[in-house]
Every structure is written in C-alpha cells, then in structure tokens.
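Undergrad: here is my input; please provide its structure:
(chains A and B)
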2 protein chains.
Amino acid sequence: MPIEVEYRFPVGVDAQKQAQVIALGQTVGTWDASFAHRESSFLAHKAEVVEVRTSDSDGSSLATIRFPASNVEGDIASLLTMIFGKYSMAGPAKVMAIRLPEGYGQHPKFGITGMRSLLDTPSRPLVMAIYKPALGLSAADHAQILSQVARAGLDIIKDDEIMGNLAVAPTLERLKACRPVIEAAQQQNGRSLLYAVNVTGRADRLLTQARQLVAAGANALLLNVLSYGFSVLEALAADPEISVPIFAHPALAGAWCGAPDHGFSYSAVLGTLFSYAGADAVLYPAHYGSLPFEAEEEFRIRDALRSRNGFPVPSAGIHPGVVPKAIADYGQDVILNAGTGIMDHPDGPAAGVRAFFEALDAAEPGQSFELSQVPEGPLRRALEKWGTP
Amino acid sequence: MPIEVEYRFPVGVDAQKQAQVIALGQTVGTWDASFAHRESSFLAHKAEVVEVRTSDSDGSSLATIRFPASNVEGDIASLLTMIFGKYSMAGPAKVMAIRLPEGYGQHPKFGITGMRSLLDTPSRPLVMAIYKPALGLSAADHAQILSQVARAGLDIIKDDEIMGNLAVAPTLERLKACRPVIEAAQQQNGRSLLYAVNVTGRADRLLTQARQLVAAGANALLLNVLSYGFSVLEALAADPEISVPIFAHPALAGAWCGAPDHGFSYSAVLGTLFSYAGADAVLYPAHYGSLPFEAEEEFRIRDALRSRNGFPVPSAGIHPGVVPKAIADYGQDVILNAGTGIMDHPDGPAAGVRAFFEALDAAEPGQSFELSQVPEGPLRRALEKWGTP
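TA: Modelled structure (predicted):
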C-alpha cells in the first residue's frame, strides 16, 4: 500500500502545477539522457498526483498525492522529509491528511487496552492531573501534592511539560520523592497510579535517562515530541526496556499546525503522526477548553488515535463542568486531563479529583449540569468556580 | 545572562496582555495561598516582559520577554518547550528572534575554521554539489557521479536530503562505493573532498549509524534537523566519535517558519537554533534562488551562523551566474551549494564544477557577468543555460 498525502493550496495557487512539482521534486527530481538507462528505477520512486479538487466556497484546492512506500524508512522523520521537506519552503501549502499503510511505523506498547489493564479500570474515563504550579516546586512539593490527589483515587498524574531536569527539582528526585506515595496509593486503592515523568535532554541522554527512570520505578513517561523529535519517540516506543506507557505532549504543535496556509493540520500531526510514532496516549486541546481549537480537528485526532489503540487526552481548560460534553464526544475511552481544574479546586487538589469522579457518576452525555440539582460537595464547589458550560 | 525572545503579534492582538500570559504561563503558572511559602522560588523562575512596541506601519507588536536560564537545560528542546510549547497553540504569534547566553548549547566542532583546515583551503568560497537525480540511483551510480565532479576539484558533495537508507542505495553502500573516489581525489588534488552522508533512522539507530559511518570513512554527515529533532543534532555534535563536520539541512523549515503570523522566523530557527545545536554548516534558501526567501532573513541567518563559526550554505537554485551576487553578499566565507546547477551543466557535472571555479576567478562582487565578455568554456556554457541575473 502506498502513502497518500493531501495538500491544501489557498486560492491563487496553481494547484495542478504545484502537485506535479511535489510529485517529482520530492522524490526523483529531474534527469536527462545520461540517466536514460535508470528510467525504470526513477519511475518506481516517483510520486503520482491522484486528484486535484478545487473548493467552490473559498477557491482553495486539495491535491492528493501518492508516494511509494519504498521511498522512506517506515518512520516519521523520513516521511516528513519526503512529503514536505524542501517543498515546505516553496510557498503557501498545508498538509491536511496523511494516510499510511497499516503496518507503517510503531504500534503503541499499551494504548487504550494496555493502560486499562495496567490501571485495572476496564471501562470508565480516566482522570489525570498535572503538577501545578509549573516551575518552582521542589521534589518534596511534588510528593506532597501527589499524596493529596492519590488519596482521592486519581488515575494518572503528569509533570508539567516545561518541568525538565532542573536544579529546583531534578527529574530522578521528583520520581524518588513520589514513588512511596504511588506505592501507598496502590495499597489504599488496590490499583495503580501512573506518574508520567517528563524525559528530556540530548537524544542520547534522553534515551538513557528514560531507561534509568523506568529502572527506578517510573510507571509512565511524558515526551514533548515536537521539541525532541519524532525519532526520539520512536526510539522510546521500540525500546523493550521502556516497559511503560508513553504520554505524548503537543508542545510546539501550534508552530507546526496553527497557520491557515502553512505547515500541517493538527490532526495529521497529533493524530496520525503521533500514533504511528508509537505514543500510547496523546494530549491535545479540547475545543471547549482554554485554547482555540476546532471541534472537527479534535474529533479527527480522537479517531486517528483510536484507530491505532491510542488513548485520546483532550486537555487545556478541562474542569468538572465539561464532563457531560466530554463523555458525549468521547464515550468512555478518554483521559480527562486537568491542571488547574484539579489543583485549584476551592477545597484543594483532593476535592478537585473527587469533583471529577462525582461528575463522571452524575453526568448525562451532552446535558450540562444544573447547579441547583447538584448536591453540596466537591462537584458543586467546582461548578460554582468554573461554571457549567 | 538570561534568555531573550522577541514575539511578534499581528494587529488586533492585545500584545501587552499576551506578553504577560507568556511570561507567566510558560514558566510558573499561577499559584495560590497554599504555596505562599514557595513564592521566592516561583519568582526566580518567572519570566519578565522587557518591552512591548507597536509598529506604526502595520499595527503589529513586538514583545521582548526575558526568561531565566535556570528554567531550561542548556539545550534547544527544553528552550522550545519553554518559549513556545503550549503558547504556540494560543493564537497568532511568531517568534522573531532568540538571544541566548554565549555559553549556551553546543559549539560546532569544526565550523568555518575547522572545515577550511580540513579542506586545506584557507580563504576562497567552497563549492558543493548534490547527488542528482534524488531517488533511483544505485550506490555505483553515486560513485560514478562523484568521480566526475571529484576530477574537477569539487570541495564537498552531499546526499539529497530525501535519500535515506533505502533498498535502492543503502547508506553504507553509497559510502563504500564513494570512498575509493574520495581517496583518489585526495591523491589527485592534494586536498580532501568531503561527502556529507545523510544519517537517518530512529534516534538510537541514527546515532549508531552515524558512528558506523564515521568508522567506515565518512568524512562529513548530513542531518535533516527538523525531521529528526534538535536533540539528535546535539547528540551528534557532542559525540567525540563523530569527528567530522555536520551539515544541517533545512527540510521542513517552511512548516516552522513559512507562515506570516505563526511559528518562528527562518533566522531564529536556521540561524540561531541550528548554530546553538552545534551544526558546522547550515543550508538555507538564497534570496535569488528557486525558493521564495527574503534577503534580510538570509543575511540574518548568515550573521547568526558566523557568530558561532558556522559555515553559511545558501542553496536552492544556485548556478554559476549568481556567483557575483553571492560573493557580494558573503565575501569568502560561504559554501556555494548547487544541485542541478552542477549536475545538469550542458557538458556534464565536471564542467558544472569547473564553471563555478571559473566564476569564482572571474567574478567582481555584485557585477553580473556580461555574456559577451566571457570566453568559451564551462562558465560561458553555464551562463547560456541559466542566465546572468
């Protein structure tokens, strides 16, 4: 099966011509009579323009180009270089969709089914928190925060993505401080609590650090994929020593995907590429959250992830009031990820977690909570603070 | 010394407010009374808005924000996550400039001075070619092409960036086929010929492959930095076994830098970030080449690279006719990199190389060649084909 890519060109661009430029320029290039004897080899690597359609509404065009899978190495980086390497600098064009052969890339080691099994929670949505504030907490502060949310039954916590291996709270020290809390939670709740530790550093050190963290008891990892590189995610996903789920963070995705006529669609990057690079769970903005995001793109990401068993993690501005919307959009296979929406609960982080579980118990899909119908307690306090959208 | 970043916001954005959102949201976040005892730690990590200026001409604003260097790990990836990770998804904003402490990041192992020493060419511009056509040539074809350009005294050749470790011409086989040609050229010309071999693959395999290639005689490497990740370039640059110059290719840079109001300026990425990640030489489009590119950005890249001893490699659409412009813009410390501008010379690749050396001998900076004044020979034939811009 070949690789198919959809490129969108804004009105005014000769899409037929540009599609041919891509099909030739991003594969074989030109050749003259001195290479006539190699023509069959060139033709075997040349891409093919399948279709160019122009939209009646805005005059933009969508070109579908089919590339031979033998042009790339089955990974994301060589794919990126081929489909948009040099051409990305040629003028306005946006990669809207990438369709890869089923066997392409990495499969997540855990994904939805594996993480449900790890957490012994076969069906309900999972609740995830983020250590907040971001920079300035010590390792002991992390443990102290974790003990509060663990007691309330939290499923997963992650480092803030900007918390690296910093003097204020070195990565291994954060893990070591939190391990006893994780073990106590396992004792108390009878199921695991995952802590996705942020792995950072130069590629060689990052891979070593990831193994050291897992050896020291890390039961999940967090990676800023676009900051470190797809090749790093793939290396972690393929490494048998990394026997824990990998949470992929979308940091920097706006630089790749935020522009109307350049770069990539969010769903191509955070949905297709992240899942084919082996991420077990992928964070991305929810359309009702604190970042501007289109519902259609959110759902394309959700579907792309699930098609590879990847866990969708809508994020940014999530609080208990959005739970009815979230379960209407996602059903049960979703991780609800809240930073301040848990940590800044008026009654503290434990109440923040309880408010989510109360919301999950009480919510009817798509039916906003009626404040007057909600009994006194953590959920009501959360709704009073953050509203019932 | 702190880290300073300039963000540009288009007209209509409340730049003062957004600058504060970045200074707080990309560092500490918010905290409440329960963390009052940590306030001094938070304040030590918080960024500071230095200045916000609004342009009279287009109403855009430029905000300068100063981040503590203690927030990051001295590398590019943690820097990217901090300065633009989550915020990149917040709406239109473009990172225009990044100013880093002198000691930040990696220094190139070779750079301008080291590569001149390797090549025993103390002062003139270097001439570089690219294997063309891109995909479809065998390893033996590569050697055959190289023998032609080597005979003519070429300084450097590189793989096409889309040529990875493919069945049609596996990377190690390309190198092995070309090594005897490189050795013969050394004998004939009395100086080295560098072949920048494209290193590819999952991060772990790429680092291993790079060492194997160097051990097998590779005397330069090529990396598609944005496809594989800055963390991979840094690992190569820091590795003592990688005792050869690293050429950094700008593949995918248009997805990061091509949009008017999103992502990064080309100079911030290809100039500042590439050189602080340790690239010895960086390729990027010349403003008079085949890709649309602003002269001002080109010169900012040139200056950013040279400030770290990095070799500028203006590329894409370079042919002998542009040499007078190039030396006006660059003087001697430049690598003139041509693909078809050498390989498609009417009299073949060797004549393509000779045309460049003839152009370098004959050119007056900034004075276009007068076809009628150029004697019969490779340069004249090149000018007849590609013109005298």
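Undergrad: give the helix, strand or coil label for residue A:16.
TA: Using DSSP: H, G, I helix; E, B strand; the rest coil, the structure places residue A:16 in helix.
Undergrad: who's in contact with residue A:253?
TA: If you count contacts by C-beta atoms under 8 Å, 6 or more residues apart in numbering or on different chains, residue A:253 has them with A:226, A:266, A:269, A:270, A:284, B:88, B:89. From N, CA and C alone the C-beta is placed, and that goes for glycine too.
Undergrad: do that again at 10 Å, thanks
TA: For residue A:253, the contacting residues are A:224-226, A:263-264, A:266, A:269-270, A:274, A:283-285, B:85-86, B:88-89, by C-beta atoms under 10 Å, 6 or more residues apart in numbering or on different chains.
Undergrad: from those, which land in strands?
TA: Those of those mapping onto strands are A:224, A:283, A:284, A:285, per DSSP state E.
Undergrad: turn those into JSON lines, including pLDDT and distance to chain B.
TA: Converted to JSON lines, the ones in strands among the contacts of residue A:253 look like this (pLDDT from 0 to 100; distance: C-beta to the nearest C-beta, whole Å):
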{"residue": "A:224", "pLDDT": "98", "distance to chain B": "5"}
{"residue": "A:283", "pLDDT": "98", "distance to chain B": "10"}
{"residue": "A:284", "pLDDT": "98", "distance to chain B": "9"}
{"residue": "A:285", "pLDDT": "97", "distance to chain B": "6"}
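Undergrad: give me the buried entries from the residues you listed.
TA: Listed as buried from the ones in strands among the contacts of residue A:253 are A:224, A:283, A:284, A:285; burial here means 16 or more other C-beta atoms under 10 Å in any protein chain shown.
Undergrad: for chain B, what's the nearest residue on the stretch 201-350 of chain A?
TA: Closest residue of the stretch 201-350 of chain A to chain B, C-beta to the nearest C-beta: residue A:229 (1.6 Å).
Undergrad: okay, now that residue: neighbour count?
TA: 30 (other C-beta atoms under 10 Å in any protein chain shown).
Undergrad: got a list of what it touches?
TA: Neighbouring residues of residue A:229 by C-beta under 10 Å, 6+ apart: A:76-77, A:203, A:206, A:223, A:235, A:277, B:77, B:202-203, B:206, B:225-233.
Undergrad: separation between it and residue B:280?
TA: Residue A:229 sits at a distance of 19 Å from residue B:280 (criterion: C-beta to C-beta, to the nearest Å).
Undergrad: repeat that for residue A:319.
TA: 49 Å.
Undergrad: same question for residue A:144.
TA: 47 Å.
Undergrad: quick one: name the residues of the stretch 251-389 of chain A near chain B.
TA: A:251-264, A:266, A:269, A:277-278, A:283-285, A:290-293, A:315-316, A:339-340, A:343-344, A:346, A:348-349 (C-beta under 10 Å from any C-beta of the partner chain).
Undergrad: whichever of those end up buried, select them in ChimeraX.
TA: Selection of buried members from those for ChimeraX, criterion 16+ other C-beta under 10 Å:
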select /A:251,252,253,254,255,256,257,258,259,261,262,263,264,266,269,277,278,283,284,285,290,291,293,315,316,339,340,343,344,348,349
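Undergrad: among the residues of the stretch 251-389 of chain A next to chain B, which are in helices?
TA: A:253, A:254, A:255, A:256, A:257, A:266, A:340, A:343, A:349 (DSSP state H).
Undergrad: could you check how far the fourth one is from residue A:309?
TA: Taken as C-beta to C-beta, the spacing of residue A:256 relative to residue A:309 amounts to 24 Å.
Undergrad: give the buried residues for stretch A:172-185.
TA: In stretch A:172-185, counting by 16+ other C-beta under 10 Å, buried: A:173, A:174, A:175, A:177, A:178, A:179, A:181, A:182, A:185.
Undergrad: now stretch A:330-340
TA: So for stretch A:330-340, counting by 16+ other C-beta under 10 Å, buried means A:330, A:333, A:334, A:335, A:336, A:337, A:338, A:339, A:340.
Undergrad: ok, which pair from those is furthest apart?
TA: Largest separation among the buried residues of stretch A:330-340 by C-beta to C-beta: A:333 and A:340, giving 24.7 Å.
Undergrad: so residue A:96 sits in a strand?
TA: Yes. Counting by three-state DSSP, residue A:96 falls inside a strand.
Undergrad: contacts only, for it.
TA: A:5, A:6, A:7, A:8, A:62, A:63, A:64, A:264, A:265, A:267, A:268, A:300.
Undergrad: of all the contacts of residue A:253, which comes closest to residue A:124?
TA: residue A:283 (19.2 Å).
Undergrad: isn't the closest one up against residue A:249?
TA: Yes. Counting by C-beta atoms under 10 Å, residue A:283 does reach residue A:249; the two are 5.3 Å apart.
Undergrad: between the two, which contacts overlap?
TA: Taking C-beta under 10 Å, 6+ apart as the contact rule, the neighbours common to residue A:283 and residue A:249 are A:158, A:161, A:196, A:222, A:270, A:274, A:313, A:315, B:86.
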